[in-house]
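Trainee: Quick one: sequence plus predicted model below, questions after.
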Amino acid sequence: MRGPRSRHGIMMNLREDEAMCVTNLVRLSLLTLVLSACSGAPPSSAGVEVTDAWIRASPSPVLAGYLTLTQHGDRPDRLRAITSPRFGRIEMHQVSHEGGVMRMRALPEGVTLPPGERVRFAPGANHLMLFDAKPAVQAGETVPLTLRFEQAPPRTIQVAVRPAG
Ligand SMILES: [Cu+2]
């Protein structure tokens, strides 16, 4: 169901992303249940706890990624950007449903992290889109992502790449 692999710029990438989003929606409720049972890491000194981070392996040039952020500090912060030496570009995407069609848009300003709240990028909902892997990313490997916040110092996490199935 994916479009041709040739590069046609943003339009083609968006179509592939949307196909991925729909697939995710079908698969994901189960995975989300399993994953939510696995979050047990202690809060970091910076106040923002990162759990459930993973990337879905895919033959597509655009991959989807997920993580959960919990703000333990008493002030709001903002996740402004995510970078990685393994990807040309990483975007945060917001998913909405309009007339039965799932749509997504990039969040160039990032996401707010209110005190005491949990912000999820999870299958079937908001997610990360990872573009231009260099070299190709394979299931079973671990790749570094650096989270850049408005307040907290940058944090690099190691994220597992899981099989697409
Ligand atoms: Cu997306």
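Mentor: Structure received.

Trainee: Tell me the pLDDT of residue 115.
Mentor: Per-residue confidence at residue 115 stands at 95 (pLDDT).

Trainee: which residue sits closest to the residue of the chain at minimum distance from the ion in space, ignoring its chain neighbours?
Mentor: Of all residues in the chain, residue 93 sits closest to the ion, at 3.5 Å by CB to the ion. (Glycine included, C-beta is placed from N, CA and C.) Excluding the flanking residues, the one nearest residue 93 by CB to CB, 6 or more residues apart in numbering is residue 104, at 4.5 Å.

Trainee: Output the contacting helices and strands for the host helix or strand of that neighbour.
Mentor: Residue 104 is located in strand 101-106, with elements delineated by DSSP states H and E. Under the contact definition 3 or more CB pairs under 8 Å, 6 or more residues apart in numbering; DSSP states H and E, strand 101-106 sits against helix 10-36, strand 87-98.

Trainee: Heading C-terminal from the longest one, find the next helix or strand.
Mentor: By that I understand helix 10-36. strand 48-56.

Trainee: partners of whichever strand or helix holds residue 79 in the sheet?
Mentor: Element membership for residue 79 (DSSP H and E) is strand 77-83. Here strand 77-83 is paired, per DSSP bridges, with strand 111-113 (antiparallel), strand 142-149 (antiparallel).

Trainee: Nearest to residue 74 among these would be which one?
Mentor: With CB to CB as the criterion, residue 74 lies closest to strand 111-113 of the strands paired with strand 77-83, at 11.9 Å.

Trainee: and the next element down the chain from that closest one?
Mentor: strand 118-121.

Trainee: Can the helix or strand following that next one be said to contact the ion?
Mentor: Remark: after strand 118-121, the chain's next helix or strand is strand 127-133, criterion DSSP H and E. Yes: interface with the ion: strand 127-133 contributes residue 129 (CB under 5 Å from the ion).

Trainee: Can you show me the CA trace of strand 127-133 as CSV?
Mentor: What follows is strand 127-133, C-alpha atoms only, in CSV (Å, rounded to 0.1, in the frame of the first residue of the first chain):
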residue,chain,number,x,y,z
HIS,A,127,4.0,10.4,16.9
LEU,A,128,7.5,11.3,15.7
MET,A,129,8.3,11.1,12.0
LEU,A,130,12.0,10.3,11.3
PHE,A,131,13.2,11.2,7.8
ASP,A,132,16.3,10.4,5.8
ALA,A,133,18.0,7.7,7.8
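
Trainee: how about it: buried residues?
Mentor: 127, 128, 129, 130, 133 (16 or more other CB atoms under 10 Å).
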